[in-house]
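>>> Everything below, folded, please.
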Amino acid sequence: MNDRLDMTVTRTVHDALRRELPHLAHAAAHRCSVCRADPRETVGWHLLVTALVIHQGAEEEALWPPLRRALAGRPLDLARVEAIEVEHCALTALVDSIAGAPADPDDGPGSLLDLITSFVTGLERHLDHEESAVLPLVQAFLSQDQWDDFTRVHARRIAPASPLLLPWLLDEADERTVTAVLSGLLPRSAWHGFTHRWRPAYAELDVWDSRGEACALLG
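Numbers count the residues shown, from 1 in each chain. Below is the predicted model of the structure:
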C-alpha cells in the first residue's frame, strides 16, 4: 500500500494488539481454578492494556480533533469517526470491568472469562473497523503536519514505558519495520539501549506467565 502518510507505527501497534489477543483468550480459557492463575497478573495483559490506552489516548488527543475539523460538512464521514470514538469508550469500559471482576472459575455472563472474550472480540472488530473506515479518511484529509503532530504525541505517551513496551511492540517485526518504528518513536541516541538492553531483557520474559511479581517490571 502506497500511503501518502507513513502509518507504520499505527499499523505496528494494531498488529501487536492482534498478535496478543489469542494469547489472552487462551490464558483466560485455561486458567487454573486450583492455583488461581489469573491472566490479569501477567506482563502480557498489562502491556496489551498499556499499549491500547496509549494509542487510543494519542488518537483522542491529536488525531480525531483535526480529523473532525477537516471533515466539517461531511456528516457521513463524521459519523464514521464518532463510531470509532464510541468503540473506544466501550473498550475502556470493558477493561475497567475486567479489572474489577472476581477471580473465580465461573464462566457465565459477567464472569472474567466472559468479559475477556467480549474484549478480545470487540478489540479485533474495532481494529478492523478503524483500518477500513477511518484510516483512509486520515490519509485523504489530514496534512503531513497534522500527522506529524499525532506522531509526536504518540511518541511522548509511549516514552515512559519504552524499555518494555517497544520490544513488545516490535516482537516478531521485520528489521525494516523495527527501523521505521524506532525512527518515529525513539531518539537515535536511545537505539543502542533498545538493541543491547531492552530487547534482550524482554526476550527473557514469558509475558503470559501469571506470576504477579513479573508485572513489577512495568513500574
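
>>> any idea which helix is longest in the chain?
In the chain, with assignment by DSSP state H, the single longest helix is helix 75-100.

>>> now for that one, which elements pack on it?
Secondary structure elements in contact with helix 75-100, counted by 3 or more C-beta pairs under 8 Å, 6 or more residues apart in numbering; DSSP states H and E, are helix 43-62, helix 64-70, helix 112-129, helix 135-141. In this view, the C-beta of every residue, glycine as well, is placed from N, C-alpha and C.

>>> Give me whichever of those helices is most buried.
Greatest average neighbour count among the helices and strands packed on helix 75-100 goes to helix 43-62 (a mean of 20), per mean count of other C-beta atoms under 10 Å.

>>> Show me what that helix is packed against.
Contact analysis of helix 43-62 by 3+ C-beta pairs under 8 Å, 6+ apart lists helix 8-29, helix 75-100, helix 144-158, helix 162-169 as its packing neighbours.

>>> Show me where the protein dips below the pLDDT cut-off.
Scanning the chain for pLDDT under 70 picks out the ranges 1-2, 31-36, 105-109, 210-219.

>>> Give me the neighbour count for the residue nearest to Pro39 when sequence neighbours are not counted.
Nearest residue to Pro39 in three dimensions, chain neighbours excluded: Ala27, at 3.8 Å (C-beta to C-beta, 6 or more residues apart in numbering). Other residues lying near Ala27 total 22 when counted by other C-beta atoms under 10 Å.

>>> which residues touch Ala27?
Ala37, Pro39, Thr42, Gly44, Trp45, Trp208, Ser210 (C-beta atoms under 8 Å, 6 or more residues apart in numbering).

>>> How about Ala173?
Thr12, Asp15, Val181.

>>> mind running it again at 10 Å?
When contacts are counted by C-beta atoms under 10 Å, 6 or more residues apart in numbering, Ala173 touches Thr8, Thr12, Asp15, Ala16, Arg19, Thr179, Ala180, Val181.

>>> Pick out whichever of those sits closest to Arg188.
For the contacts of Ala173, the closest approach to Arg188 (C-beta to C-beta) belongs to Thr179, at 10.9 Å.

>>> Send over the stretch of helix or strand the closest one belongs to as CSV, restricted to the C-alpha atoms.
Secondary structure here is read from DSSP states H and E; on that basis Thr179 sits in helix 175-185. Output of helix 175-185 as CSV, limited to C-alpha atoms (Å, rounded to 0.1, in the frame of the first residue of the first chain):
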residue,chain,number,x,y,z
GLU,A,175,14.0,-5.2,10.6
ARG,A,176,12.6,-2.7,8.2
THR,A,177,9.6,-2.2,10.5
VAL,A,178,11.8,-2.1,13.5
THR,A,179,13.8,0.7,11.9
ALA,A,180,10.8,2.6,10.8
VAL,A,181,9.1,2.4,14.2
LEU,A,182,12.2,3.4,16.2
SER,A,183,12.7,6.3,13.8
GLY,A,184,9.2,7.5,14.7
LEU,A,185,9.2,6.9,18.4
